[in-house]
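> whatever this is, show me its structure:
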Amino acid sequence: MGERITLSDLNAMDEQAFITVLDGVFELEPKIAKDAWIARPFHSVTHLHAAMMDVLVGFDEEAQIAFIKNHPKLSPRAVETKLTAESCFEQTAAGIAQMAEVAGRKLDDLNTRYVEKFG
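Next comes the predicted model:
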């Protein structure tokens with residue numbers, strides 16, 4: 001997944017570099033990294049994560065719902081679509097890409113029913 005970046009590296013980055021490096025942490029939502037940047041220096045990964053979560057929790061309800069809806073569905077076919085490298089890795093590591101066809105169709109059906117019910 002690329003070159004290892006230390007916490008010291010992150011703390012020393014300018015805003016744009018920080019956003020670029022952390023953009024995939026919260027799927028396709030660079031505002032989280034952008035707004036967390038001001039909380040530097042981070043003393044631990046837990047501190048960094050808390051700062052990013054504070055940004056997300058600070059979103060209004062509409063923005064939080066949009067964030068959740070933008071997250072890619074779990075599906076064997078998802079790796080064929082446009083995923084971030086992080087999501088592709090997560091879904092592949094979880095074995096979703098290798099699911100049997102019947103199980104994959106069931107997961108797709110559950111995704112469809114969820115969207116129909118909750119939007």
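
> which stretches of the protein have low pLDDT?
Flagging of the chain using pLDDT under 70 yields the residue ranges 1-2, 78-80.

> which strand or helix spans the spatially most distant residue from the centre of the chain?
Centroid-distance maximum for the chain: Val102 at 27.1 Å, with Cα atoms, centre = their mean. Assigned by DSSP states H and E, Val102 belongs to helix 101-118.

> and the gap between Ala51 and Glu90?
22 Å (Cβ to Cβ, to the nearest Å). (Glycine included, C-beta is placed from N, CA and C.)

> the helices in the protein, which residues?
7-12, 15-22, 30-36, 45-58, 61-70, 85-93, 101-118 (DSSP state H).

> tell me which strands and helices the third one is in contact with?
So that's helix 30-36. Under the contact criterion of 3 or more Cβ pairs under 8 Å, 6 or more residues apart in numbering; DSSP states H and E, helix 30-36 touches helix 15-22, helix 45-58.

> now with 10 Å?
Contacts defined by 3 or more Cβ pairs under 10 Å, 6 or more residues apart in numbering; DSSP states H and E place helix 30-36 against helix 15-22, helix 45-58, helix 61-70.

> can I get the CA coordinates of it in CSV?
C-alpha atoms of helix 30-36 as CSV (Å, rounded to 0.1, in the frame of the first residue of the first chain):
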residue,chain,number,x,y,z
PRO,A,30,-10.8,14.9,2.0
LYS,A,31,-12.6,17.5,4.3
ILE,A,32,-11.9,15.1,7.2
ALA,A,33,-8.2,15.2,6.7
LYS,A,34,-8.2,18.9,5.8
ASP,A,35,-10.0,19.9,9.0
ALA,A,36,-8.0,17.5,11.2
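
> how about that helix: buried residues?
Ile32, Ala33, Lys34, Asp35, Ala36 (16 or more other Cβ atoms under 10 Å).

> related to what we said a few turns ago, can you lay out the helices and strands packed on helix 30-36 as TSV showing mean neighbour count and distance to Leu110?
Shown next, in TSV, are the helices and strands packed on helix 30-36 (neighbours: other Cβ atoms under 10 Å; distance: least, Cβ to Cβ, whole Å):
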stretch	mean neighbour count	distance to Leu110
helix 15-22	15	31
helix 45-58	14	25
helix 61-70	11	16
